[in-house]
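> need a 3D model of the sequence below.
(chains A, B, C and D)
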Amino acid sequence: MKLLEYQAKEFFAKAGIPVPREKLVLSVNEALSAAGELGLPCVLKAQVGVGGRGKAGGVKLAKTTDEVSSHADAILGMDIKGERVERLLCSEAINFTEEFYASITTDRANRSMVLMVSAAGGVDIEQVAAQTPNKILKISVDPLLGLQTFQTRRAAMFLSDDKEIQKQIAAILAKLYRMYVSNDLSLAEINPLVLTSDNQVIALDAKVIIDDNAMFRHPNFEGYRILSDDEVLEQEAKQHGLSYIKLSGKVGCIVNGAGLAMATMDLIKRYGGEPANFLDVGGSSSPDKMLVAIDLVTRDPGVRSIFVNIFGGITRCDDIASGLLQAAKDAPLTLPVVVRLTGTNEVEAHKILEGTSFIPASDMADGARKAIEQAGGS
Amino acid sequence: MKLLEYQAKEFFAKAGIPVPREKLVLSVNEALSAAGELGLPCVLKAQVGVGGRGKAGGVKLAKTTDEVSSHADAILGMDIKGERVERLLCSEAINFTEEFYASITTDRANRSMVLMVSAAGGVDIEQVAAQTPNKILKISVDPLLGLQTFQTRRAAMFLSDDKEIQKQIAAILAKLYRMYVSNDLSLAEINPLVLTSDNQVIALDAKVIIDDNAMFRHPNFEGYRILSDDEVLEQEAKQHGLSYIKLSGKVGCIVNGAGLAMATMDLIKRYGGEPANFLDVGGSSSPDKMLVAIDLVTRDPGVRSIFVNIFGGITRCDDIASGLLQAAKDAPLTLPVVVRLTGTNEVEAHKILEGTSFIPASDMADGARKAIEQAGGS
Amino acid sequence: MSIFVDNDTRLLVQGITGRDGLFHAMQMRDYGTQVAGGVTPGKGGQTVEGFPIFNSMHEAVAKTDANTSIVFVPVQFASDAIIEAADAGIKLVVCITEGLPVLDMLKAVSYLDKKGTKLIGPNCPGVISPGKSKVGILPGHIFREGNIGVVSRSGTLTYELVSHITNAGMGQSTCVGIGGDPIIGSNFLDVLRLFRDDPQTEAVVLVGEIGGCDEEEAAKFIRQKHSKPAAKFVQQELGKPAVAFIAGRTAPRGKRMGHAGAIISGSSGTAEEKVAALTAAGIPVADEPAQIAQLLKEKLA
Amino acid sequence: MSIFVDNDTRLLVQGITGRDGLFHAMQMRDYGTQVAGGVTPGKGGQTVEGFPIFNSMHEAVAKTDANTSIVFVPVQFASDAIIEAADAGIKLVVCITEGLPVLDMLKAVSYLDKKGTKLIGPNCPGVISPGKSKVGILPGHIFREGNIGVVSRSGTLTYELVSHITNAGMGQSTCVGIGGDPIIGSNFLDVLRLFRDDPQTEAVVLVGEIGGCDEEEAAKFIRQKHSKPAAKFVQQELGKPAVAFIAGRTAPRGKRMGHAGAIISGSSGTAEEKVAALTAAGIPVADEPAQIAQLLKEKLA
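Numbers count the residues shown, from 1 in each chain, chains lettered A, B, ... in the order given. Next up, the predicted model:
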């Protein structure tokens, strides 16, 4: 789960990492009162999940009350890469002389954490990594030992030659790490981490991603979740143990297993169709899951046909077949459904579906072709 | 640093481990008022650092106010293995049906921590280990990974078959471990950990030893220190970077290095003398340390001669020699001092001491013999 | 020979009294796996469907001399179960449970390394050596003993590919589902090294998907045979032909595709990158599952 | 040959700008040790007494190709320095600093094991291979190249014993002070295994003291030659004569005798136990330091 900046800043503040004085506002009036409190000039920042808000005009400096009003009005309601701006962070303006980058994340290849710092802050770190990799220092953090003092010191010395500034940076990095592990984060990023004109090191922006798998340890974090329309559906699916992601094609997919679900989408595309969604009904499927799956897919108005592609392992094919029949009984199907069932208890499953309106497929390729055909081609 | 029971119980309470309601008292009157608060019957327990207080009559159950008064009067001022009882813990009386043992300590041989539990609580665990080792379960705790859930569960299942009781025990062990690591303990022991007649698991006694080497991380723990007269001297020595332990012989020892200091004591004993003390002036000795060392040793009224035995490594012999001269200048020596100096800068050292009242020794054995002779034999 | 499991595999099922645990314990026994029993804390002493139940892995290992375990316990307790198995002396742990927190897995993997215990998974279908032993939830009937090693990040997609291989008249030496989580115990490289040393395995099928760079690392490992034949590099070569399939060519960026590990982060972890890396390393990549058998036949011809 | 250090030892001094660090850096260089430089954070780029100073161990290792380090930093920073050295790729760390918290040491030792880095100390005088290299604070002039391996928990007591050995006309292969803390990187057993495999070492002197059971473990290891000559035990035998000295026969119980590890806890860790264990294993124990040379001569005769 990716947090918005103002939420991430709450994590930072709780961890003791210095951030500017700032206030979340939802309207022009609130922006004016926040600016009155924080003083001018102040910065108005669109709170959106997508990147690149600066280039899109979502961050503006206001020097006067009039500017607060006009900028807030301009940014609120703005569309940034398909996301409507509904929240604004009003922040004191900070004068700074240097911009650093600092982050902690998981290093999948090394099965460790990695602390990454760069003196080239304020810009896209992927670009820095590609163009001037020597400007980045990566420090591997042992998962059992944790971040050590010599490591924060080394990172701080990489960013600054000034001892007082090194101390501040090292302290911030240690706090960032404690925040990372105690909240089960998968990314904690400060970009930019700035040196103010009065030599204070402070986090100007904040990015936090929480490990979704660890949410059971932090039930209160659910309160941070802000969902787009598509994400509401994804969340609903998740609550039923399904993985659903809406796409824009005509062929709805219901598949067991993430890899097979992706391969099914790929195959539909390869045969000239467009998948309407990714849907993994998961392991240990119950008939109930099929009901939810069919409901989810049919709620997408763009869907013209459904391809159910099941290869049984932990999933039993007879469970799937029963679920399909039950779904058809509960809410008569208006869409053609192509069904391919192979694996554990497949013989029983085929018997269950015999003589129904479900269209049988002999294999995955056959199913994909039939589903595209039923959807009326591409 | 070993804590007294009431201090250890403060650690327990802070860690969330259930303990009886209890109150520290210093007089009979305080005992009466504490008993009034806690209710009768209550238990009065001598607070001493030595073991075996129960057998010595230092723990008594009081059923009436009169008994509170007479027991408190009897225990306060009592001498238990050389230690005068000045503090009493007045505790609610607990009815219990089972006594367990639980501890966490360092396992030197395996370089790990070890969780130890036994259903044979309330008795000396060393005896249980010697006589019925199968009644003890030892679980090695990896220093980097820490105590795991399956380990507390395993320990709890070893102690009880009742699921509800297992849960309580597992929770207590997890808290004991967190207390252990967050306070840099070298022993955290509950003996007995009892099951009350209403099925509550509660720590009836508590033993806590803090790792002296980690005191710099916990400066406030110094407030727990209660020193005997001998320990006052030991503490004073420590503040000067020396290790001093008072013994009862006539030959005072000043040695650099703990091993050599012990070997020096052993040699004095072997040659028919009795060492008056252990004294290690430590590595990196400054002349100042010799001043303090001579002062410490001469303050012991039993001392008749001093044997200075130095083999230089990090310690420079010329430093030692200068220190000796300085000490003799500051406070003229009333005791004969035999000096053996070998190692780094020994030639310079011998020159410094030439023609003074210090008695030179050619080697360690020679020095020990001369010091015993100077002390007037054994 | 085979890798990970064989006729000497003696298995304990962690979480054996749950629905899936018990179902698959029976399935594995039916397949021929030596299932020595299972562990469910608090249910020790019982016998369920003929399986003795123990309270802890330490007790179970002491009483059964098992060397392998499979984990079906709920996610909250899964990393604890993995560590318990290693601590009890188990040499191979297969974790079926999915969705383990990343920080838990980092710690568990680090501890298992120290203990010398191998881990397959989590979020995996397990491992099967057809005709010898099955430790997992894979449908045994689609496998056939043979000379193809299969390693995959997926579950059902693996069955799909294996069925094509089997239907084409070829068999498998060992089939390993390494799991779809971002942090897994054995990655492609670990498994490829074992296949390299396994005389039964004559060719390898690698089934990858979006996310991470494990496929790229595998490609490097396999490629070195062609580019660096110097003696010091020999130990890093697969030395056997390999073919691949990559899922997720149509996956959108920034979305977790079912598997926690299947996500394109920023610009990295795309199917295109992986296909390119494999192709450049001389490894043919099938455009659809049905092609895999034909590619194998060409490589083995 | 020798153990731990030799002519290929390239040393970095951690905490080189402190009084003791600098003094002994010069002493070691004078002895013939290759001292490649030192580390003091914040003083990198300077040169002190001819030694280049670096800001971090990573930088120092990269620029000097050192393989060994010695730690003189204050106790609060010492375990961090040990871990830093291992993380930077150092293969042997010698820690002179004393009084490190036990929990810090447990973690450091566990991490170094994983890294394959050896540790001597903390709270030790270091290691010397006379005529080759000295990494420690031992007074070089009392040592002489020869065939006796010395391993000791003490500092100055070791010098005392070594001087008797040298004065008796014998020399040392390597002398290792393993340190007086309860948790140390290399214990008697670790060092004895190295002496066993060192052809230069023909006899071993073991210098123990009260506390712990390291001497008893050593006795078991040495004894096995006599009691269990079966092939599978050969690798656990010392295979060379050994003599010993134990300090602390007059030490009171429950008191820490200078060394954090030198304490009789309850009834265990006494000098009597250790002397008995060694004697029972056929290892003569000297009653006073001056006897050690004679015992050695008898064993080597």
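> against C:Ser56, how distant is C:Ala88?
Between C:Ala88 and C:Ser56 the computed distance is 8 Å (Cβ to Cβ, to the nearest Å). Heads up, the C-betas are built off the backbone N, CA and C, glycines and all.
> what helix or strand is the spatially closest residue to C:Gly266 that is not a sequence neighbour on?
Spatial nearest neighbour of C:Gly266, chain neighbours left out: A:Glu126 (5.5 Å); criterion: Cβ to Cβ, 6 or more residues apart in numbering or on different chains. Here A:Glu126 sits within helix A:125-131, counting by DSSP states H and E.
> these two touch, right, C:Ala218 and C:Phe188?
Yes: with contact defined as Cβ atoms under 8 Å, C:Ala218 counts as touching C:Phe188 (3.9 Å).
> shaky segments in the stretch 151-300 of chain C?
By pLDDT under 70, the low-scoring segments of the stretch 151-300 of chain C are C:224-236.
> not counting sequence-adjacent ones, nearest residue to the residue of it found nearest chain D?
Taking Cβ to the nearest Cβ as the measure, the stretch 151-300 of chain C has C:Gly185 as its residue closest to chain D, at 16.5 Å. Counting by Cβ to Cβ, 6+ apart, C:Leu119 is the residue found nearest to C:Gly185 once chain neighbours are left out, at 2.5 Å.
> what are the phi and psi values for the one you found?
C:Leu119 adopts backbone torsions of phi -130, psi 130, taken as degrees, to the nearest 10.
> give me the neighbour count for it.
A total of 26 residues lie near C:Leu119 under the criterion other Cβ atoms under 10 Å in any protein chain shown.
> now do A:Phe12
Other residues within reach of A:Phe12 by the criterion other Cβ under 10 Å amount to 23.
> for the helix or strand harbouring it, buried residues please.
Per DSSP H and E, A:Phe12 falls inside helix A:5-15. The neighbour-count criterion (16 or more other Cβ atoms under 10 Å in any protein chain shown) identifies A:Glu5, A:Tyr6, A:Gln7, A:Ala8, A:Lys9, A:Glu10, A:Phe11, A:Phe12, A:Ala15 as the buried residues of helix A:5-15.
> for it, give me every contacting residue.
With contact meaning Cβ atoms under 8 Å, 6 or more residues apart in numbering or on different chains, helix A:5-15 is reached by A:3, A:19, A:22, A:24, A:45, A:47, A:87, A:89, A:175-176, A:178-179, A:183, A:188, A:190, A:203, A:205-208, A:224.
> I'd guessed A:Val25 sits against A:Cys90; true?
Yes: counting by Cβ under 8 Å, a contact exists between A:Val25 and A:Cys90, whose distance comes to 5.3 Å.
> looking at those two, which is more packed in?
For A:Val25 versus A:Cys90, neighbours defined as other Cβ under 10 Å are more numerous around A:Cys90 (26 against 23).
> show residues contacting the host helix or strand of the more buried one.
When elements are defined using DSSP H and E, A:Cys90 is found to belong to strand A:88-92. Contacts of strand A:88-92 from elsewhere in the structure, counted by Cβ under 8 Å, 6+ apart, are A:5-6, A:9, A:20-26, A:31, A:34-35, A:38-39, A:42-47, A:68, A:72, A:75-76.
> where's C:Ile246 relative to C:Pro125, distance?
As defined by Cβ to Cβ, C:Ile246 lies at a distance of 18 Å from C:Pro125.
> these two: which has the busier surroundings?
Counting neighbours by other Cβ under 10 Å for C:Ile246 and for C:Pro125 shows that C:Pro125 has the greater number, 30 against 27.
> tell me the pLDDT at the more buried one?
Among the per-residue scores, C:Pro125 holds a pLDDT of 94.
> show me which residues of the stretch 51-200 of chain A sit near chain D.
The stretch 51-200 of chain A has residues A:Asp142, A:Leu144, A:Leu145, A:Gln148, A:Thr149, A:Phe150, A:Arg153, A:Arg154, A:Met157, A:Lys163, A:Gln166 near chain D, with proximity defined as Cβ under 8 Å from any Cβ of the partner chain.
> in TSV, list these along with neighbour count and secondary structure.
Supplementary listing: these in TSV, determined by neighbours: other Cβ atoms under 10 Å in any protein chain shown; DSSP: H, G, I helix; E, B strand; the rest coil:
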residue	neighbour count	secondary structure
A:Asp142	21	coil
A:Leu144	22	coil
A:Leu145	19	coil
A:Gln148	21	coil
A:Thr149	17	helix
A:Phe150	23	helix
A:Arg153	22	helix
A:Arg154	24	helix
A:Met157	20	helix
A:Lys163	11	helix
A:Gln166	21	helix
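> which stretches of the stretch 151-300 of chain C form helices?
Shown for the stretch 151-300 of chain C, the helices assigned by DSSP state H, counting those that start in this stretch span residues C:156-167, C:188-196, C:214-227, C:271-280, C:292-300.
> the longest one vs chain A: in contact?
Yes: for helix C:214-227, a contact with chain A is found by Cβ under 8 Å from any Cβ, at C:Asp214, C:Glu217.
> tell me what that helix is packed against?
Using 3 or more Cβ pairs under 8 Å, 6 or more residues apart in numbering or on different chains; DSSP states H and E as the contact criterion, the neighbours of helix C:214-227 among helices and strands are helix C:188-196, strand C:203-209, strand C:242-247, helix C:271-280.
> the second one pairs with which strands, and in what direction?
Strand pairing for strand C:203-209, determined by DSSP bridges: strand C:145-152 (parallel), strand C:242-247 (parallel).
> just the ones you listed: most buried one?
Per-stretch averages of neighbours, counted by mean count of other Cβ atoms under 10 Å in any protein chain shown, single out strand C:242-247 among those, with a mean of 28.
> alpha carbons of it, as CSV, please.
Listed next in CSV are the C-alpha coordinates belonging to strand C:242-247 (Å, rounded to 0.1, in the frame of the first residue of the first chain):
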residue,chain,number,x,y,z
ALA,C,242,17.5,-24.7,-21.6
VAL,C,243,14.2,-23.3,-22.9
ALA,C,244,12.0,-20.8,-21.2
PHE,C,245,8.5,-19.3,-20.9
ILE,C,246,7.8,-15.8,-19.5
ALA,C,247,4.3,-14.8,-18.3
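> good, we can wrap up now.
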